[in-house]
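Q: requesting a structural model of the entry that follows:
(one chain, ligands or ions: 1)
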Amino acid sequence: MRLSKLQKSYSKNTNYNQNINAMSTKTKKTSSKEGTETKKRILSCIQPTGDIHLGNYFGAVQNWVKLQEDYQCFYGVVDYHAMTMPYKAKELHDRTLNLSIDLIACGVDVNNLFIQSLIPEHTELTWILSNFTSYGELSRMTQFKDKSQQLGDTDKDAFVSAGLFSYPVLQAADILIYKAQLVPVGKDQEQHLELSRNIAVRFNKRLKTRYFYPPKPLFTEIKKLLSLADPTKKMSKSLGEKHYIAMLEPEKSIRKKIRSAVTDTGDGDGTEMSAGVKNLFELMKASGAVEAHKHYLELYNNGNRRYGDLKNAVADAVVNLTNDVQNRKTVLEANREEVIEQIYASSANVRKVAQQTLMEVREIAGLPKLKY
Ligand code: TYM
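A: As a prediction, the model looks like this:
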């Protein structure tokens with residue numbers, strides 16, 4: 001079945017229609033990327049290190065989708081970033097394409113999507129910006145400390161790459177190359193964003209220009225979704241299976257994980273709501289079950305702290321959402337080759353914006369003119 005014919009079967013879903021419509025009118029829409037757009041620019045990225053999970057979705061991607069209405073958006077699947085930890089080449093390739101398709105299934109417009117390594121200008125800008133970043137700044141990045149520690153925990157002679165160390169400069173390049181003003185991310189990226197701002201300001205100051213705009217983070221209501229199995233930690237793939245719920249996980253498994261979420265003893269002694277219970281309420285609200293959220297919050301405030309029903313309602317809300325995404329993914333997979341072609345076409349369009357920036361930056365930085 002052709003993509004255009006699939007519109008009818010999903011006519012109720014606006015996001016999906018946006019994507020499919022966008023696919024069929026790609027030339028017209030994508031040309032605006034380098035054209036006369038006056039809307040503010042948004043950029044955000046995600047690493048293809050595994051399945052997209054609820055933390056990624058509620059912390060960032062849900063916002064990406066909403067922002068597409070009012071901003072000029074650039075959303076990247078950052079495969080260069082995913083090379084900074086040990087990885088397998090074949091897996092990286094497949095994950096990059098799969099994640100790109102998953103993002104479209106979540107509602108990201110294919111015309112806003114790019115694969116980072118299809119735009120090698122990101123790495124050239126990284127080199128230039130490295131010279132405006134200090135060793136000390138990079139050494140203070142908590143994500144570098146956490147990840148190198150994580151490697152050290154599995155093997156005391158573990159290889160910690162220079163790529164992992166300079167990763168935040170690549171992140172700054174991702175943002176600055178599109179002159180993005182706002183960056184929708186989860187709380188864990190706040191420090192990297194602050195560094196990106198510092199790099200932009202230092203570049204401007206040292207080269208006596210006002211070229212780069214210091215980008216600001218944009219957080220969702222759920223800045224940090226916690227692991228259901230251990231609400232002292234953020235939901236993350238690196239902690240293992242039980243610590244995250246993937247958007248494409250089977251319903252049975254999603255329900256099981258929510259049923260076994262850590263809450264509290266339910267004594268109702270008037271103390272502050274526990275992190276685990278708060279996490280469940282947030283998850284329910286963000287999944288769109290506003291009425292149910294109100295109802296269970298009222299029960300909770302009236303001293304009803306039996307969490308079985310609450311968990312079932314949270315699971316219903318989450319499954320409702322993930323089912324939609326899963327259905328759209330099935331449709332996209334049936335047209336996989338065509339969708340991949342669109343992702344390549346969109347990346348080529350986005351690349352023109354990046355090349356324009358590089359041309360300007362090279363000149364400001366004193367490098368000879370390069371013809372593309
Ligand atoms: P990554 O791939 O780890 O995560 C993608 C997005 O998901 C958010 N996120 C969460 N939000 C709330 N709760 C959670 N438990 C949770 N887990 C993940 C992240 O904050 C992120 O917004 N370095 C980035 C990718 C990147 C990037 C960029 C982001 C590369 N270049 C430029 C913004 C701009 C990363 O590893 O995200």
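
Q: so who does the nearest residue in space to L228 that is not next to it in sequence touch?
A: In this structure, L228 finds its nearest non-sequential neighbour in A261, 3.9 Å apart by Cβ to Cβ, 6 or more residues apart in numbering. In this view, the C-beta of every residue, glycine as well, is placed from N, C-alpha and C. Shown in contact with A261 (Cβ atoms under 8 Å, 6 or more residues apart in numbering): 228-229, 276, 279-280, 311, 314.

Q: tell me which parts of this protein are close to the ligand?
A: 43-47, 55-56, 59-60, 78, 81, 171, 174-175, 183, 185-186, 188-189, 192, 222, 224-225, 234-236 (Cβ under 6 Å from any ligand atom).

Q: need the contact list for the one residue in the stretch 51-200 of the chain that gets nearest to the ligand.
A: Residue of the stretch 51-200 of the chain nearest the ligand, by Cβ to the nearest ligand atom: G59 (1.8 Å). G59 sits next to 185-188, 220, 222-225 when contact means Cβ under 8 Å, 6+ apart.

Q: and stretch 246-258, how far from the chain's centre?
A: In this view, stretch 246-258 has its centroid 20 Å away from the chain centroid, taken as Cα atoms, centre = their mean, to the nearest Å.

Q: what does stretch 154-167 give?
A: Computed by Cα atoms, centre = their mean, the chain-centroid distance of stretch 154-167 equals 23 Å.

Q: and it, which residues are buried?
A: Neighbour-count burial for stretch 154-167 flags 164-167 (criterion: 16 or more other Cβ atoms under 10 Å).

Q: how far does that stretch stretch from start to finish?
A: Stretch 154-167 has its terminal residues 21 Å apart, counting by Cα to Cα, to the nearest Å.

Q: returning to what we had before: dump the buried residues of stretch 154-167 into a markdown table; add secondary structure, distance to L299 and pLDDT as well.
A: Converted to a markdown table, the buried residues of stretch 154-167 look like this (DSSP: H, G, I helix; E, B strand; the rest coil; distance: Cβ to Cβ, whole Å; pLDDT from 0 to 100):
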| residue | secondary structure | distance to L299 | pLDDT |
| --- | --- | --- | --- |
| L164 | helix | 46 | 96 |
| F165 | helix | 49 | 96 |
| S166 | helix | 50 | 97 |
| Y167 | helix | 45 | 96 |
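
Q: any idea how far the residue positioned nearest the centre of the chain is from G303?
A: Centrality entry for the chain: nearest residue to the mean C-alpha point is I46, 3.9 Å, by Cα atoms, centre = their mean. According to Cβ to Cβ, to the nearest Å, I46 and G303 sit 41 Å apart.

Q: what of F159?
A: 54 Å.

Q: how many neighbours does the nearest residue to E221 once chain neighbours are set aside have?
A: Leaving aside its chain neighbours, E221 sits nearest to A286 (6.3 Å; criterion: Cβ to Cβ, 6+ apart). For A286, the count of nearby residues is 21 (other Cβ atoms under 10 Å).

Q: repeat that for G107.
A: Using other Cβ under 10 Å, G107 is surrounded by 21 other residues.

Q: what helices or strands is whichever helix in the chain runs longest leaning on?
A: Ranked by number of residues, the top helix in the chain under DSSP state H is helix 336-365. When contacts are defined as 3 or more Cβ pairs under 8 Å, 6 or more residues apart in numbering; DSSP states H and E, helix 336-365 sits against helix 14-24, helix 26-30, helix 89-106, strand 113-115, helix 121-130.

Q: now do the buried residues in the shortest one.
A: This points to strand 113-115. 113-115.

Q: which among the contacts of G59 count as buried?
A: So, by 16+ other Cβ under 10 Å, the buried ones in these are 185-186, 188, 220, 222-225.

Q: return the subset of the residues of the chain next to the ligand lying in strands.
A: Secondary structure assignment by DSSP state E places 43-46, 183 of the residues of the chain next to the ligand in strands.

Q: redo those residues as TSV? Include pLDDT and distance to K66.
A: Output for these, formatted as TSV (pLDDT from 0 to 100; distance: Cβ to Cβ, whole Å):
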residue	pLDDT	distance to K66
L43	98	15
S44	98	12
C45	98	17
I46	98	16
V183	97	15
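
Q: good, wrapping up.
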